[in-house]
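[1] Sequence first, then the predicted structure:
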Amino acid sequence: MAKEKVFRFKQFQVDQEHAAMKVGTDGVLLGAWASGGTVVNRMLDVGTGTGLIALMLAQRFPGAAIDAIDLSELSAQQALFNFAQAPWSDRLQAFHASLGEWVKHAGKQYDLLVCNPPFFANGWKVEDPGRSLARKAEHLPPAELAAAADRLLLPDGVWCVIIPEAAKKAWLQAASDCGWRLRSVTDVYTKKES
């Protein structure tokens, strides 16, 4: 069975033909769960890929402007295409940029930062360079995201991230080292194959 090139939601669709990482459960859960403080006017989606999470947040927060960045130029273009098709296209922007570049040059602060970061440890072999950018943890270490959140978020800002259990301790330590405190955790259990 061939994979669908378009993933359809009730109010929008995600074209994923050129995406290094396709729509997956992690992104859908983060898009549904992420929440900021009482007021959310500006959001940043780090490693946007197809733009799925940004699109879900645009639907959930009708007054928010959302910037989305990705290290992969193809992914940023895919997100831009998906944003242009959405009912909220006027509030969504996609940029080809690393998080480090964004911190230096954005000149903006946000109420909410979301990220579905790469999980795979160094040594995990990924043949496709695009998938390697999207999947390998070395491309966005926990300390880099925690420090960037510290610089990019407003004083009452919140950042939401989905992480694997095996990396939980490293992520919590990186956040704590930057002065962040944990607000909530939702554990997700995989269903064993029968």
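    Structure received.

[2] rest of the way, CA atoms for contacts and neighbours
    OK.

[3] Show me how far the helix or strand where D26 lies is from its chain's centre.
    Using DSSP states H and E, D26 sits within helix 25-33. Its chain's average C-alpha position is 10 Å from that of helix 25-33, according to C-alpha atoms, centre = their mean, to the nearest Å.

[4] Show me the contact partners of it.
    Helix 25-33 is contacted from outside by L52, I53, A54, M56, L57, V114, N116, C160, V161, I162, using C-alpha atoms under 8 Å, 6 or more residues apart in numbering.

[5] Identify all contacting residues around the helix or strand that comes right after that helix.
    Next in sequence after helix 25-33, counting helices and strands by DSSP H and E, comes strand 42-46. Surrounding strand 42-46, the residues in contact under the criterion C-alpha under 8 Å, 6+ apart are 53-54, 64-70, 99, 109-117.

[6] among the helices and strands of the chain, which has the poorest mean pLDDT?
    Each helix and strand of the chain was given a mean pLDDT (mean pLDDT, DSSP states H and E); the minimum falls on helix 129-135 at a mean of 48.

[7] which element follows that one toward the C-terminus?
    Sequence-wise, the next helix or strand downstream of helix 129-135 (DSSP H and E) is helix 142-152.

[8] what comes up buried for that next one?
    When burial is assessed from 16 or more other C-alpha atoms under 10 Å, helix 142-152 yields the following buried residues: P142, A143, L145, A146, A147, A148, A149, D150, L152.

[9] Tell me the confidence at the first one?
    Translated: P142. Note for P142: predicted pLDDT of 92.

[10] what about it, distance to V23?
    As defined by C-alpha to C-alpha, to the nearest Å, P142 lies at a distance of 22 Å from V23.

[11] Could I get the contacting residues of the residue nearest in space to the middle of the chain?
    Taking C-alpha atoms, centre = their mean, the centroid of the chain lies closest to C115, which sits 3.1 Å from it. Counting by C-alpha under 8 Å, 6+ apart, C115 makes contact with D45, V46, G47, T48, W159, C160, V161, I162.

[12] where does this protein have low pLDDT?
    Of all residues in the chain, those with pLDDT under 70 make up the ranges 1-4, 119-139, 193-194.

[13] Which stretches in it count as helices?
    Ranges of helices within the chain are 25-33, 52-60, 73-85, 99-105, 129-135, 142-152, 168-177, based on DSSP state H.

[14] Using neighbour counts, pick out the buried residues of the first one.
    Using 16+ other C-alpha under 10 Å as the burial criterion, the residues of helix 25-33 that qualify are D26, G27, L30, G31.
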